[in-house]
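# I would like the atomic coordinates for the input below:
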Amino acid sequence: MKSIIKKLTETFGPSGFEKSVRNVIRKEIRDHVDSIKSDKLGNLIAHIKGKGTKVMLASHMDEIGVVTSYIDKNGFIRFSNVGGFFPVHSLTSRIIFENGRIGVIGEERRKSMSDPVEMTKLYIDIGARDRKEAEKLVPIGTFGCYERGFEDIGKRIVAKALDDRIGCAVLIEVAKRLKRKVKNDTYLVFTVQEEVGLKGARTSAFGIDPDIGLAVDVTETGDTPEAKKMAVKLGAGAAIKIKDWGIVCDPKIVETLIRIARRNKIPYQFEILERGTTDATVIQLTKGGIPSAAVSIPSRYIHSASEIVDMDDVEAAVKLIVKFLKTDQGGLKK
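Numbering: from 1, shown residues only. Take a look at the predicted model:
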């Protein structure tokens, strides 16, 4: 899977600009599903026909980014965040804009190095000599995202945008392994604009009207030095979400995922995320309500240019979801 993960993470795709990512996914998945289409908002919806329960799986294509908001007389660019952009992760990081121009994030001098890094004190240096040159190269309103290559470090990988291109890679691999043989009517949805309000999942779930929803996304870990205590770590398996900031996962789906994992000796762990949420939150609230849950891939340094995941966890997530879809989930309907 590493080659497709590399391709996905190195593709430009901040919220609202998922087209290039969508094109990569379409090419990878089209021969493994019965139909595939894009809706009006830009979600990519792949369908594997089945006679049973209608199941929607969602992974978002977009990544966090920036948008230019002001250029000073010396050509330095001020910017606004697109999604959860953490200033402390960004210093001297490279930014690539939609037209291919590269810039470097710098900051104004702090009174003390112990002071927090503030968004209002950051700027992007694109090498322009003045405002006129900068305006030609990167006009106001230009979107950008981190520029950083994929690195294979053995069992683990490092890349920007693993949130949530790793989830997209999982769904692509799931489709390949299913070989169109499912017990459930299956929709694999690659959503847009998750980072700015879970927008794509909301509209696609409304259109599909599934019986069950399952998001596939990343989650934080508690396994780094002096990290906030959390019972998730790299290499311990797929994380079955219990609760996060936006959702209490449907207990019946959670129990089913646990049972499948145990029966098939798939490594798993439990996720309780105190901040952040996934597409499952809005799928759950669609129409009259849809029982929903999530399978997460543990990731370090989320929303930075160097996120890390363990391929054993990725493999566990793929196996768990494949087994879930090959089992009739009619009993999970409300």
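# so where do the helices sit in this structure?
Ranges of helices within the chain are 2-9, 19-29, 131-137, 162-178, 199-208, 251-263, 280-284, 311-325, based on DSSP state H.
# redo those helices as a markdown table? Include mean neighbour count and mean pLDDT.
No exception for glycine: its C-beta is placed from N, CA and C like everyone else's. As requested, these are exported to a markdown table (neighbours: other CB atoms under 10 Å; pLDDT from 0 to 100):
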| stretch | mean neighbour count | mean pLDDT |
| --- | --- | --- |
| helix 2-9 | 19 | 97 |
| helix 19-29 | 18 | 98 |
| helix 131-137 | 16 | 97 |
| helix 162-178 | 26 | 97 |
| helix 199-208 | 23 | 97 |
| helix 251-263 | 16 | 97 |
| helix 280-284 | 26 | 97 |
| helix 311-325 | 23 | 98 |
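# and Phe86, which of those helices is closest to it?
helix 162-178 (11.9 Å; CB to CB).
# and that closest one, C-alpha only, in CSV?
Below are the C-alpha coordinates for helix 162-178, written out as CSV (Å, rounded to 0.1, in the frame of the first residue of the first chain):
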residue,chain,number,x,y,z
LEU,A,162,-1.9,11.2,6.5
ASP,A,163,-5.0,12.9,8.1
ASP,A,164,-6.9,11.5,6.2
ARG,A,165,-5.2,10.2,3.1
ILE,A,166,-4.4,7.1,5.1
GLY,A,167,-8.1,6.5,5.6
CYS,A,168,-8.6,7.0,1.8
ALA,A,169,-5.8,4.4,1.2
VAL,A,170,-7.5,2.0,3.6
LEU,A,171,-10.8,2.2,1.7
ILE,A,172,-9.0,1.7,-1.6
GLU,A,173,-7.4,-1.4,-0.3
VAL,A,174,-10.7,-2.6,1.2
ALA,A,175,-12.3,-2.3,-2.3
LYS,A,176,-9.4,-4.3,-3.8
ARG,A,177,-9.6,-7.1,-1.3
LEU,A,178,-13.4,-7.4,-1.4
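# angle of it against helix 2-9?
Angle, helix 162-178 to helix 2-9, by axes from the mean of the first three to the mean of the last three CA atoms, to 10 degrees: 140 degrees.
# Thr281 and Cys249 touch, don't they?
No. Using CB atoms under 8 Å as the test, Thr281 is too far from Cys249 to be in contact (10.0 Å).
# so what sits against both of the two?
Common contact partners of Thr281 and Cys249 (CB atoms under 8 Å, 6 or more residues apart in numbering): Ser292.
# residues touching the closest residue in space to Lys73 that isn't next to it in sequence, list them.
Leaving aside its chain neighbours, Lys73 sits nearest to Arg131 (5.2 Å; criterion: CB to CB, 6 or more residues apart in numbering). Listed by CB under 8 Å, 6+ apart, the contact partners of Arg131 are Ile71, Asp72, Lys73, Asn74, Gly75.
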